[in-house]
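Chemist: turn this into a structure:
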Amino acid sequence: MRMIRKRSGTRGGGGPARGRLRAALGGATTVLLTATALAALPQTTAHAADTLGAAAAEKGRYFGAAVAANHLGEAQYAATLDREFNSVTPENEMKWDAVEPNRGSFSFSRADQIVDHAQGKGMKVRGHTLVWHSQLPGWVSGLGATDLRSAMNNHITQVMTHYKGEIHSWDVVNEAFQDGGSGARRNSPFQDKLGDGFIEEAFRTARAADPNAKLCYNDYNTDGVNAKSNAVYT
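Modeler: Below you'll find the predicted structure:
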């Protein structure tokens, strides 16, 4: 916007009539300039965000949904996902039995579908999950402590390396504590054979595999202060 500055004096003569005319024109010019200036300013009228993702972004957050690869081909499902959310988490496609059904043999095709879709829509991806007591292939439970430790660390490394730089955050360890008032660890092959240190070891392995991803411990019934949340915090 160009600033117009009025001179303090006037060249030539004038008179009362001319002075009044000049004042009237000056007032009209001021009104015109004010209106022009207002029109030139960007519109800042507040408006409500029209999607869940946009509402979250206004607060510096993201809003995600769990996604099943076999539903991405459904038009309504995909349209709702793409419109409302700015983060996705695979429902089951990154769990151990899905990506490593046989020891050392990895399959990422279904998980890749979700990651590719998310990237195409500018969404973040939260990887879920690397170490969990459930949805393990049978061969994991049959391993001794030494083999189990090697298998756990290899699984974390292989999966995270496959998606290195593509995953915003990982649920490294999932639901390792019992419900109820004990605050005890949940029984699992990892807890029973590797002891309490398996959580720290899993996180150290994950950090080495992808130094830039956010690393998370995931659980439920821990929002309030209770025996389980205190145990997780400790």
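
Chemist: which strand runs longest in this structure?
Modeler: In the chain, taking DSSP state E as the definition, the longest strand is strand 124-132.

Chemist: got the CA coordinates for that strand in CSV?
Modeler: The C-alpha coordinates for strand 124-132 follow below in CSV (Å, rounded to 0.1, in the frame of the first residue of the first chain):
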residue,chain,number,x,y,z
LYS,A,124,2.5,-38.9,8.7
VAL,A,125,2.8,-42.6,9.5
ARG,A,126,3.0,-44.1,13.0
GLY,A,127,4.5,-47.6,12.9
HIS,A,128,2.7,-50.2,15.1
THR,A,129,4.2,-52.3,16.6
LEU,A,130,7.6,-53.9,16.9
VAL,A,131,7.6,-55.8,20.3
TRP,A,132,4.3,-57.1,21.6
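
Chemist: mean confidence score for it?
Modeler: Strand 124-132 shows a mean pLDDT of 98 in the predicted model.

Chemist: that strand pairs with which strands, parallel or anti?
Modeler: strand 87-90 (parallel), strand 169-174 (parallel) (DSSP bridges).

Chemist: tabulate those (TSV), appending mean neighbour count.
Modeler: Backbone N, C-alpha and C define where each C-beta goes, glycine included. Rendered in TSV, the data for the strands paired with strand 124-132 read as follows (neighbours: other Cβ atoms under 10 Å):
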stretch	mean neighbour count
strand 87-90	22
strand 169-174	23
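
Chemist: follow-up on the earlier one: how far does the next helix or strand after the longest strand of the chain sit from the chain's center?
Modeler: Once strand 124-132 ends, the next helix or strand along the chain (criterion: DSSP states H and E) is helix 138-141. If you compare the mean C-alpha spot of helix 138-141 with that of the full chain, they lie 32 Å apart, counting by Cα atoms, centre = their mean, to the nearest Å.

Chemist: so what touches helix 138-141?
Modeler: With contact meaning Cβ atoms under 8 Å, 6 or more residues apart in numbering, helix 138-141 is reached by 96, 102-103, 148, 151, 189.
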